[in-house]
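In: how would this look folded up:
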Amino acid sequence: MNEFTQAASQLSLVELVLHASPLVQGVMALLLLLSVLSWMLILRRSRVLHRAKKQANDFEEEFWKGRDLNGLYNRLNSLKKPPTGMANIFAAGYSEYAKLRRQHHILPESVVESCQRVMRVTFNRELDLLDRDLTTLATIGSVSPYIGLFGTVWGIMSSFHALGGVQQVTLAMVAPGISEALIATAMGLFAAIPAVMAYNHYADDLDRLTTRYDAFLDEFTGLLQRQAYARAAPASNPTPAPAPVIDLDHNPEFGV
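Out: Predicted coordinates:
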């Protein structure tokens with residue numbers, strides 16, 4: 001035990017890395033790069049998802065407080081940056097409805113289907129933007145331990161191969177090689193654990209945002225459907241008396 005302690009105290013972490021075999025050093029360098037990459041992705045996804053949740057909260061509050069949706073749509077278009085997230089889904093659906101309601105003799109169900117299709121495409125694009133780095137984080141979390149294990153196995157094999165011609169093997173001779181090899185395993189875990197934890201956390205956040213986006217899409221589709229059928233009702237009335245035309249901009253359901 002004293003022999004092992006003395007041998008370990010004479011070797012620092014840097015010395016162990018420098019004295020490792022070229023292949024093990026390559027494995028360590030790869031794991032270090034994967035660790036740096038994972039932390040970059042973790043920080044970037046944190047900012048993106050935090051901004052997406054804040055924008056969703058702000059937009060829902062403004063949407064449901066009864067403000068005129070035509071004014072809301074114009075305000076979104078006047079921004080320097082294009083709308084994102086839930087606001088982009090709303091803008092896509094409202095824009096499509098505004099185009100179709102100018103056309104005569106178009107069926108209400110066709111209007112609703114077209115608006116829903118446009119919003120669904122925008123919905124999928126927004127999710128792709130939010131989900132961009134999660135696959136990479138999952139890959140890093142999955143493969144890093146195996147890369148580290150490969151470096152460890154190779155390092156131990158090299159250590160025992162070097163001791164093949166020694167008649168009397170001591171612990172001081174074996175300990176440095178094993179320590180070098182085990183560093184690869186430690187670095188693999190160091191790269192994998194934060195990536196796996198971040199992936200699980202961000203995947204849960206993305207699921208919650210997906211549910212909110214999908215719920216808003218359905219609710220807004222329902223509003224557009226009621227509006228489309230309300231506009232079509234006067235046209236199907238056989239009486240010659242003029243019926244009031246309900247405009248989207250002044251519909252109480254859509255805010256005044």
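
In: point out where this protein drops to low pLDDT.
Out: Applying pLDDT under 70 to the chain flags the ranges 1-11, 13, 16, 19, 66-67, 161-176, 232-256.

In: all strands for it, in order.
Out: Chain-ordered strands for the chain, with DSSP state E as the definition, do not occur.

In: where do the helices of it begin and end?
Out: Listed in chain order, the helices of the chain (DSSP state H) span 2-9, 13-18, 22-64, 69-78, 86-100, 108-130, 134-162, 171-232.

In: quick one, which of these is packed in tightest?
Out: For the helices of the chain, average neighbour numbers computed from mean count of other C-beta atoms under 10 Å are highest in helix 86-100, which has a mean of 21. Yep, even glycine has a C-beta here, placed from its N, CA and C like the rest.

In: okay, the angle between that one and helix 22-64?
Out: Between the direction of helix 86-100 and that of helix 22-64, the angle (axes from the mean of the first three to the mean of the last three C-alpha atoms, to 10 degrees) works out to 50 degrees.

In: any idea how far the residue nearest to residue 44 when sequence neighbours are not counted is from residue 204?
Out: Excluding its sequence neighbours, the residue lying closest to residue 44 (C-beta to C-beta, 6 or more residues apart in numbering) is residue 133, at 6.5 Å. Distance of residue 133 to residue 204, given as C-beta to C-beta, to the nearest Å: 15 Å.

In: one more: residue 196?
Out: Between residue 196 and residue 204 the distance is 13 Å, computed by C-beta to C-beta.

In: again with residue 64
Out: Distance from residue 64 to residue 204, counting by C-beta to C-beta: 25 Å.

In: near residue 85, how many other residues are there?
Out: Counted with other C-beta atoms under 10 Å, residues neighbouring residue 85 total 25.

In: phi first, then psi, for it.
Out: Main-chain torsions, residue 85, degrees, to the nearest 10: phi 70, psi -140.

In: counting neighbours, what do you get for the residue nearest to residue 44?
Out: Residues within reach of residue 133, counting by other C-beta under 10 Å, total 19.

In: mind listing what it touches?
Out: Listed by C-beta atoms under 8 Å, 6 or more residues apart in numbering, the contact partners of residue 133 are 41, 44-45.

In: can I get those in TSV with distance to residue 80?
Out: Converted to TSV, those look like this (distance: C-beta to C-beta, whole Å):
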residue	distance to residue 80
41	27
44	22
45	24
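
In: which single one of the residues you listed is nearest to residue 106?
Out: residue 45 (42.2 Å; C-beta to C-beta).

In: now do the contacts for the closest one.
Out: 133-134, 137, 198, 202.

In: for residue 155, give its distance to residue 191.
Out: Distance of residue 155 to residue 191, given as C-beta to C-beta: 17 Å.

In: repeat for residue 104
Out: Distance from residue 104 to residue 191, by C-beta to C-beta: 62 Å.

In: what of residue 197?
Out: Between residue 197 and residue 191 the distance is 12 Å, computed by C-beta to C-beta.

In: repeat for residue 101
Out: Using C-beta to C-beta, which is the criterion applied here, residue 101 is 55 Å from residue 191.

In: check residue 57 too.
Out: 34 Å.

In: neighbouring contacts of stretch 51-64?
Out: 69, 72, 84-87, 90, 130, 205, 209, 212-213, 216.

In: hmm, which two among these are most spread apart?
Out: In the contacts of stretch 51-64, the most distant members under the criterion C-beta to C-beta are 69 and 205, with 27.9 Å between them.

In: ok, residue 25 to residue 90 distance?
Out: Taken as C-beta to C-beta, the span from residue 25 to residue 90 is 54 Å.

In: for residue 136, same thing?
Out: For residue 136, the distance to residue 90 under the criterion C-beta to C-beta works out to 30 Å.

In: in space, what's closest to residue 154 - neighbours in sequence excluded?
Out: Nearest residue to residue 154, sequence neighbours excluded (C-beta to C-beta, 6+ apart): residue 23, at 5.6 Å.
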